[in-house]
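Next one to model:
(one chain, ligands or ions: 1)
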Amino acid sequence: MSNGEKNRSGPQNPWQEAAIAVCRSPFLSVKCPLCGTLGVLGKWNLLHEKSREISVDLHCSACGSQESVQIEMPDNAFTNYPFERLPLFAQTIAKEVESIAIRVRQYIKSMPAAAFTTHPLWAEAKWSATTYKFHPTSEAPPIMGLVFENVEAGLEIFREAERQMKHEDRFEEIRVSIIEGAVPGQEHRPGYSIHICADPDAIAAHATLDDFVVDPTVVPFLGQWNRHYPVPGEPPMLAKFKEEFEKHKEFLLAPTIRRDGQLFMEPMLGIVKNVIFFRQLSDINSPDDPDATALLLPQFITPPV
Ligand SMILES: [Zn+2]
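Below is the predicted model of the structure:
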């Protein structure tokens, strides 16, 4: 093994070759170095974001042999496979994500949407629920309210967006998506995820403009998410929201605060949006999908009883 470690650019050992083949086609079994059968599949995760080194666990279904190797990630491969390996990657890049959020703040004027979605106060503000408000006779666009447990922190995130964006997201750089479908293990409890992140293409565009380089594999981890579990018997708010959005082609993203058990929306701090992504969990089948993290993380929270 030490040979392979030293000569990474030189000849690969057979298991490293198998690992490269597996990473290039994760869904197809490759040839087993031991028994020669096309029976080897692998799982892997990125070890270091900068060196692109990945740890690959290989298993042959024909002869049962197992091997773990480290290789340089082949071009165009997933950073992590399958989904279950995403938390390992998230841990690896936690520091990187933090440092990007700090750097984004230095470019707040040219990247206000990215600054909004990575604002350091999100953790403190505790986005705990999502609610909607509709005009009684449908003469105005619907409002999507983000409920914050910490009133001041939540309002400050939107106040800063107001200062920078003047209630507009002109180039639709705040990406909002609603993903329906039960996450594995929660099939009995229907719900949907709401994911707010900076548009990956917008970040990539700024990367050239401002000499601001962000690894594309890190971008999906720069957002905020909330899992919503509708109360049984409650009117279907999401269906109504879709209908109203379809009609007005617009919605207002606004902070909402909880006082004495009541919810109060703050539309004066809202951001006008003309784009939203309505998706199904089953449509997301790659760890590189911008919404992959939003679907994975809810598995670690327990739905309300
Ligand atoms: Zn084998």
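
which residues sit in contact with the residue sitting furthest away from the middle of the chain?
Residue farthest from the centre of the chain, counting by C-alpha atoms, centre = their mean, is Cys35 at 39.7 Å. If you count contacts by C-beta atoms under 8 Å, 6 or more residues apart in numbering, Cys35 has them with 60, 62-63, 65. Quick note: C-beta positions are derived from backbone N, CA and C, even for glycine.

Just to check, Glu149 is in contact with Arg258?
Yes - under the criterion of C-beta atoms under 8 Å, Glu149 makes contact with Arg258 at 6.8 Å.

returning to what we had before: would you say the residue farthest from the centre of the chain is within a helix?
No - counting by DSSP: H, G, I helix; E, B strand; the rest coil, Cys35 is located in no helix; its state is coil.

What does it show for phi and psi?
When read as degrees, to the nearest 10, the backbone of Cys35 gives phi -100, psi -10.

one step back: put the buried members of the contacts of Cys35 into a ChimeraX selection.
A single ChimeraX command selects the buried members of those (16 or more other C-beta atoms under 10 Å):
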select :60,65
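
And the contacts of Cys35, which two are furthest apart?
Ala62 and Ser65 (8.8 Å; C-beta to C-beta).

intersection of neighbour lists for those two?
Joint contacts of Ala62 and Ser65 (C-beta under 8 Å, 6+ apart) are 32, 35.

Can you classify the residue of the stretch 151-300 of the chain found nearest the ion as helix, strand or coil?
For the stretch 151-300 of the chain and the ion, the shortest gap (C-beta to the ion) falls at Pro287, measuring 26.3 Å. The three-state assignment at Pro287 reads coil, by three-state DSSP.

Report how many residues lie close to Lys126.
Other residues near Lys126 come to 13 when the count uses other C-beta atoms under 10 Å.

Roughly how far does the residue farthest from the centre of the chain sit from the ion?
3 Å (C-beta to the ion, to the nearest Å).

confidence score at Val40?
Here, the pLDDT recorded for Val40 equals 97.

quick one, phi/psi of it?
Given degrees, to the nearest 10, the pair of backbone angles that Val40 has is phi -100, psi 130.

Show me the beta-bridge partners of it.
Val40 forms beta bridges with Val30, Cys60, as assigned by DSSP bridges.

In contact with it, which residues are there?
Contacts of Val40 (C-beta under 8 Å, 6+ apart): 18, 22, 29-32, 58-61.

How about His248?
140-142.

distance of it from Met268?
19 Å (C-beta to C-beta, to the nearest Å).

Just the buried residues of the strand or helix carrying Gln164, please?
Assigned by DSSP states H and E, Gln164 falls within helix 151-165. Residues 151, 153-158, 160-161, 165 are the ones in helix 151-165 that count as buried (16+ other C-beta under 10 Å).

I'd like these as JSON lines, with pLDDT and distance to Asp215 appended.
As requested, the buried residues of helix 151-165 are arranged in JSON lines below (pLDDT from 0 to 100; distance: C-beta to C-beta, whole Å):
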{"residue": "Val151", "pLDDT": "93", "distance to Asp215": "35"}
{"residue": "Ala153", "pLDDT": "96", "distance to Asp215": "28"}
{"residue": "Gly154", "pLDDT": "96", "distance to Asp215": "29"}
{"residue": "Leu155", "pLDDT": "97", "distance to Asp215": "32"}
{"residue": "Glu156", "pLDDT": "97", "distance to Asp215": "29"}
{"residue": "Ile157", "pLDDT": "97", "distance to Asp215": "25"}
{"residue": "Phe158", "pLDDT": "97", "distance to Asp215": "28"}
{"residue": "Glu160", "pLDDT": "96", "distance to Asp215": "26"}
{"residue": "Ala161", "pLDDT": "95", "distance to Asp215": "25"}
{"residue": "Met165", "pLDDT": "92", "distance to Asp215": "26"}
